[in-house]
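**Student:** Need coordinates for the below:
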Amino acid sequence: MTNIKTRIAAGIGALGIALGAAVALPGTASAAADCQGSSYSGHCVDTTNVVSGEIILDTVPLQNNSPYTATMTCSFGQAATAELSATATISGEVSGQIVGAVKATAGVSASVSVTASASASTEAAGSIELGPGQSVVCQRFASVYTTDVHEYDYSPSGTSNERNYSATVPSTIGARIS
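**Tutor:** As a prediction, this is how the structure comes out:
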């Protein structure tokens, strides 16, 4: 439990990223490739410009309408899921290659999909004491990595079927009171 002046940021199973922050990852490689096939021919996915950020999944407002100080708990009613998204249509296999390349580029935990239960989110956000008329917002958020993707096929005759697009890859889900 905290008072209104203390804000909680708790990650479910991992760390939370600062509110609204989008920062380049320091000290990591600027690009990585995940290639499937042989040394002769195959399919590659390159990722560049990996940037961390977050997406707000849902919010729950808390307001103390009583004339007394009250302890209030963030309560989320259902599980939350964040999934890989791209500005182009991609297959499940390519989704896995993008995740692999982001992990190699940034050295971070990433996945095609992450989920947090309602009870784990409620526990992570916690409780807060609110004075009469005070209000806060409980937020559930996903830490994500956005990257530029270059996808192509390779063979002895060169590259073909090249596509460029961006993708957002989830890492963790967290909850906080703000």
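**Student:** After the strand or helix carrying residue 144, which helix or strand is next? Please name it.
**Tutor:** According to DSSP states H and E, residue 144 maps onto strand 135-155. Once strand 135-155 ends, the next helix or strand along the chain (criterion: DSSP H and E) is strand 158-177.
**Student:** for the record, mean pLDDT for that following strand?
**Tutor:** Average pLDDT, strand 158-177: 93.
**Student:** strands paired with that strand, and their directions?
**Tutor:** Within its sheet, strand 158-177 is paired with strand 8-12 (antiparallel), strand 85-86 (antiparallel), strand 135-155 (antiparallel), according to DSSP bridges.
**Student:** Okay, buried residues for that strand please.
**Tutor:** 167-177 (16 or more other Cβ atoms under 10 Å). Every C-beta, even on glycine, is put in place using the N, C-alpha and C of the backbone.
**Student:** Kindly report the same for stretch 127-135.
**Tutor:** By 16+ other Cβ under 10 Å, the buried positions in stretch 127-135 come out as 127-128, 130, 134.
**Student:** who does residue 45 bridge with?
**Tutor:** When bridges are called by DSSP bridges, residue 45 pairs up with residue 34, residue 151.
**Student:** contact partners of the longest helix along the chain?
**Tutor:** Using DSSP state H, we find that the single longest helix of the chain is helix 92-106. The contact list for helix 92-106 (Cβ atoms under 8 Å, 6 or more residues apart in numbering) reads 25, 28-34, 36, 43-48, 50, 52, 84, 86, 90, 108-112, 145, 147, 149, 151, 167, 169.
**Student:** Any stretches of the chain with poor pLDDT?
**Tutor:** Counting by pLDDT under 70, the chain shows low-confidence ranges at 1-30.
**Student:** can you do 80?
**Tutor:** Within the chain, the segments meeting pLDDT under 80 span 1-31, 105-108.
**Student:** Provide the backbone phi and psi angles at residue 132.
**Tutor:** As for residue 132, its main-chain torsions (degrees, to the nearest 10) stand at phi -60, psi 130.
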